[in-house]
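> have a look; sequence and predicted model below, questions after that.
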Amino acid sequence: MRIILLGPPGSGKGTQALRLVERYGIVQLSTGEMLRAAVAAGTPVGLKAKEIMASGGLVPDDVVVGIIADRIELPDAKKGFILDGFPRTVPQAEALDELLKQRHLKLDGVIELRVNESALLDRVETRVAQMRERGEEVRVDDTPEVLSKRLASYRSQTEPLIHYYSERRKLSTIDGMMTIEEVTRAIHRLLLALGAVEPKTHARTAANPAPAKTGANKAKSAKKPAKKAAKAVKKAAKAPKKVAKKATKKATKKAAKKAAKKTAKKGPKKASKKVTKKRAKR
């Protein structure tokens with residue numbers, strides 16, 4: 001599965017990319033992260049990119065395309081990858097198409113996270129204020145001022161990609177203003193429709209969640225104790241009759257036994273009495 005996440009800065013592409021990495025076992029190729037690593041390392045490319053990034057501009061295509069070309073050759077990218085922050089322009093998209101064609105790879109889809117720009121600026125202002133209150137360092141490219149410039153760059157240079165991928169029937173749009181969970185579920189449904197396959201362990205967990213009790217099940221389980229109690233009451237009501245019947249049967253049996261014993265005892269005695277009388281007569 002090879003996909004592109006498209007959307008303005010602050011639309012949540014990074015958050016969703018991490019969730020997709022965890023769920024599908026594919027890698028996230030974020031040019032922003034790779035370039036920031038180069039800046040931190042002080043490489044020639046990093047030093048060149050630092051000034052451009054700080055002003056909210058875009059890094060030259062040849063640098064970015066070269067980074068991507070090397071990265072997709074690594075073993076962890078063989079299963080698939082998510083491109084986050086690339087391509088940013090139509091020429092970069094064309095360069096990516098050519099690169100994938102040379103490597104005999106296919107782009108499965110492009111997911112656009114559509115958001116409200118003024119709401120994004122409010123979010124960034126709030127986040128930066130909270131970070132400063134906590135005494136945390138704020139990245140030079142993560143301030144409302146820089147974001148405004150980056151949004152302007154996105155509108156002029158990156159938005160044309162929506163038309164580019166729409167023409168090639170690769171584009172799907174999701175409302176990025178929904179909650180993080182809702183966006184995740186929408187992306188998942190979309191990827192399943194595109195033929196994405198989850199790793200077996202994750203799919204098994206998702207397919208067999210703890211069974212939730214429905215209204216019908218709750219009513220059924222509530223009836224069980226009542227039914228059991230009614231059965232116990234019925235049994236208790238029958239008990240005296242059963243005991244009485246048993247006692248009567250026992251008494252009758254005892255009386256019959258006693259009578260039989262008495263008769264048996266009386267019989268031989270009477271017979272011996274008759275014999276004695278007969279002998280006396282003789």
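Cool, the structure landed.
> not counting stretch 128-145 itself, show me its contacts.
For stretch 128-145, contacts defined as Cβ atoms under 8 Å, 6 or more residues apart in numbering pick out 53-54, 56, 121, 124-125, 127, 146, 150. C-beta coordinates here come from the backbone N, C-alpha and C atoms, glycine included.
> and for stretch 42-56?
By Cβ under 8 Å, 6+ apart, stretch 42-56 touches 35-40, 58-59, 63, 140-141, 146-150, 153.
> those residues in helices, which ones?
Among the contacts of stretch 42-56, the members falling in helices (DSSP state H) are 35-40, 63, 146-150, 153.
> buried ones only from these, please, as a PyMOL command.
To isolate the buried members of the ones in helices among the contacts of stretch 42-56 in PyMOL, using 16 or more other Cβ atoms under 10 Å:
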select buried, resi 35+36+38+39+146+147+150+153
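> and the ones in helices among the contacts of stretch 42-56 as CSV, adding pLDDT and distance to Q92?
Below are those laid out as CSV (pLDDT from 0 to 100; distance: Cβ to Cβ, whole Å):
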residue, pLDDT, distance to Q92
L35, 78, 14
R36, 80, 18
A37, 74, 20
A38, 73, 18
V39, 80, 20
A40, 83, 23
V63, 75, 11
V146, 84, 21
L147, 83, 21
S148, 86, 23
K149, 86, 19
R150, 84, 16
S153, 84, 13
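> so which residues of the protein form helices?
In the chain, the helices defined using DSSP H lie at 13-24, 31-41, 44-54, 61-71, 90-102, 117-133, 144-153, 160-167, 180-193, 200-207, 215-281.
> mean confidence for the longest one?
Helix 215-281 shows an average pLDDT of 52 in the prediction.
> now do the fifth one
If you average the pLDDT over helix 90-102, you get 92.
> and that helix, what does it pack against?
Other elements packing on helix 90-102 under the criterion 3 or more Cβ pairs under 8 Å, 6 or more residues apart in numbering; DSSP states H and E are helix 61-71, helix 160-167.
> turn the ones in helices among the contacts of stretch 42-56 into CSV, columns for distance to P87.
Below are the ones in helices among the contacts of stretch 42-56 laid out as CSV (distance: Cβ to Cβ, whole Å):
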residue, distance to P87
L35, 14
R36, 18
A37, 20
A38, 19
V39, 21
A40, 24
V63, 13
V146, 21
L147, 20
S148, 22
K149, 19
R150, 16
S153, 14
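> nearest to I26 among the ones in helices among the contacts of stretch 42-56?
Among these, A37 lies closest to I26 (Cβ to Cβ), at 19.9 Å.
> what sits against the closest one?
The neighbours of A37, taking Cβ under 8 Å, 6+ apart as the test, are G46.
> number of nearby residues for I67?
Residues near I67, counting by other Cβ atoms under 10 Å, number 18.
> I'd say it and S30 touch.
No - using Cβ atoms under 8 Å as the test, I67 is too far from S30 to be in contact (10.4 Å).
> ok, the closest residue to F86 other than its chain neighbours - contacts?
If the residues on either side of it in the chain are set aside, F86 comes closest to T31, at 4.4 Å by Cβ to Cβ, 6 or more residues apart in numbering. T31 is in contact with 59, 64, 67-68, 83-86, counting by Cβ under 8 Å, 6+ apart.
> separation between T31 and I67?
Distance, T31 to I67, using Cβ to Cβ, to the nearest Å: 6 Å.
> again, but for V27
Counting by Cβ to Cβ, the separation of V27 from I67 is 14 Å.
> likewise K149?
The gap separating K149 from I67 is 23 Å, by Cβ to Cβ.
> re the thing from before, how about the contacts of stretch 128-145, which pair is most distant?
It's M53 and E125 that sit farthest apart of these, by Cβ to Cβ, at 20.0 Å.
> those two: which has the busier surroundings?
In this view M53 and E125 are compared by other Cβ under 10 Å, and M53 has more residues nearby, 21 against 13.
> measure that one to L107 for me?
Taking Cβ to Cβ, one finds M53 at 26 Å from L107.
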